[in-house]
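In: Attaching a predicted model along with its sequence, questions to come.
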Amino acid sequence: MKKYLIYYIKARAKFFRIFIREELNLKLKKAVLTLSLGLSLTLVPSLSYAQDTSPKQAPQIEILPKADKKFIKKNSKPAVVEADTTAKILNENGKVIGKKSFKSNKKSVNTEMKSLAATRTVTVLAVADEEYRAKYSDWQSRIQNIIERADNAFNRDHAIDFQVKAIAQWSSQGGSSSQILQDVGRDFDGYGYDFVAGFTGDRNFTAGGIAYVYNSAPSGSALSVNLDQGSATSSAAQHEFSHNFGLPHDAQGSGIRCIMNYDYSYSVDYWDAEHDAEIEQHEYWYGN
């Protein structure tokens, strides 16, 4: 009897040891689970935040070749001015030295543009360097007209109206097209306009146009510079504004009829379907 009692006591002790061990394991698992959930709540948002604040990719610079002479016309139809605007006139230091008003001619111009109403308005600071100003006594009206002509397709296809809100004198500096683009940014970025569009006659500017291709909304103004090419300048300006909306080039020789294809940059004023979709996706970068 004593033998069986000792056996019984040992068996019960073993049972309680196993029971206690399992209870401790269960509590430990719960503690680990609780700790894991706590870490998830604190660490995961931190990881997400780090991703959201990662530095933006630097924009690329794209260069448009000069136009063939066959695309440069002596006379061209007047640009459609969608709304009455008053532009500030700035000197080279950005100081306001006057104002200039531009009247809408939308009702008088016989074009499909008459029936369109813009749903988004973007602002432009247009600047002209000393060479450009020396060539044209009406340089203020001329660069405003170029931008209004460049925005015809944006208004027609995407209901975006480019309005020249300021016009400035500019002294272009730099030994190349890309340096002159950087120069216009140093001089006029930060004035609060959606776009800064430069116009130049500088002999060091060997491109037809040049602009930054942004991959997201720029922190300041979107920048571009266009060479004086007479009537072809508005095509270059439309091409460069398109780059500012993030549009890349189409491949030459591809047969794609689009202003972003070098083969058609000066002969058409529309985009292919893929680029139209990109403008629609990125239009919120600018204006209201």
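Out: That came in fine, so what should we check first?

In: Where does the prediction get shaky in the stretch 151-288 of the chain?
Out: In the predicted model of the stretch 151-288 of the chain, no residue satisfies pLDDT under 70.

In: all helices of it, in order?
Out: In the stretch 151-288 of the chain, the segments counted as helices under DSSP state H, counting those that start in this stretch are 177-188, 233-244, 273-282.

In: Reformat the ones you listed as TSV; add mean neighbour count and distance to residue 72.
Out: Bear in mind the C-beta positions are built from the backbone N, C-alpha and C, glycine included. Formatted as TSV, the helices of the stretch 151-288 of the chain follow (neighbours: other CB atoms under 10 Å; distance: least, CB to CB, whole Å):
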stretch	mean neighbour count	distance to residue 72
helix 177-188	20	19
helix 233-244	27	9
helix 273-282	15	25
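
In: Output those as TSV; include the columns distance to residue 83.
Out: Shown next, in TSV, are the helices of the stretch 151-288 of the chain (distance: least, CB to CB, whole Å):
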stretch	distance to residue 83
helix 177-188	23
helix 233-244	18
helix 273-282	21
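
In: right, so of those helices, which gets closest to residue 143?
Out: When these are compared by CB to CB, helix 233-244 sits nearest residue 143, at 8.7 Å.

In: got the angle between that closest one and helix 273-282?
Out: Using axes from the mean of the first three to the mean of the last three CA atoms, to 10 degrees, the direction of helix 233-244 lies 60 degrees away from that of helix 273-282.

In: Residues contacting helix 233-244, please?
Out: 62, 64, 67, 71, 79, 146-147, 149-151, 153-154, 162, 195, 197, 199, 208-214, 218, 222-227, 229, 259-260, 265-266, 269, 271, 275, 279 (CB atoms under 8 Å, 6 or more residues apart in numbering).

In: Point out the ones among the residues you listed that are inside strands.
Out: Per DSSP state E, strands hold the following members of the contacts of helix 233-244: 62, 64, 162, 195, 197, 199, 209-213, 222-227.

In: And the buried ones among the residues you listed, selectable in PyMOL?
Out: Applying 16 or more other CB atoms under 10 Å to the ones in strands among the contacts of helix 233-244 leaves a buried subset, and the PyMOL line that selects it is:
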select buried, resi 62+64+162+195+197+199+209+210+211+212+213+222+223+224+225+226+227
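
In: next one: stretch 136-144 to chain centre, how far?
Out: 26 Å (CA atoms, centre = their mean, to the nearest Å).

In: Then stretch 79-96?
Out: 22 Å.

In: which ones are touching the residue nearest to residue 220 when sequence neighbours are not counted?
Out: Take residue 220 and drop its neighbours on the chain: the residue closest to it by CB to CB, 6 or more residues apart in numbering is residue 189, 4.5 Å away. Taking CB under 8 Å, 6+ apart, we find residue 189 in contact with 196, 220-221, 223.

In: measure residue 189 to residue 224 for me?
Out: 12 Å (CB to CB, to the nearest Å).

In: So which residues make contact with stretch 204-212?
Out: 59-67, 172, 174-181, 218, 222-227, 229, 232, 236-237, 239-241, 243-244, 265.

In: do the same with stretch 57-68
Out: 177-178, 181, 206-216, 218, 227, 229, 232, 235-236, 239-240, 243, 248-249, 262, 265-266.

In: and residue 194, what is it in contact with?
Out: Applying CB under 8 Å, 6+ apart, the residues near residue 194 are 122-124, 221-222, 286-287.

In: Just the buried ones out of these, please.
Out: 122-124, 221-222, 286-287.

In: Just name the closest of the residues you listed to residue 167, please.
Out: residue 124 (9.3 Å).

In: what helix or strand is the closest one on?
Out: strand 120-129 (DSSP states H and E).

In: Pairing partners for that strand, with directions?
Out: Applying DSSP bridges to the sheet, strand 120-129 is found paired with strand 160-170 (parallel), strand 195-200 (parallel).

In: ok, the closest residue to residue 119 other than its chain neighbours - contacts?
Out: Nearest residue to residue 119 in three dimensions, chain neighbours excluded: residue 159, at 4.2 Å (CB to CB, 6+ apart). For residue 159, the contacting residues are 116-120, by CB under 8 Å, 6+ apart.
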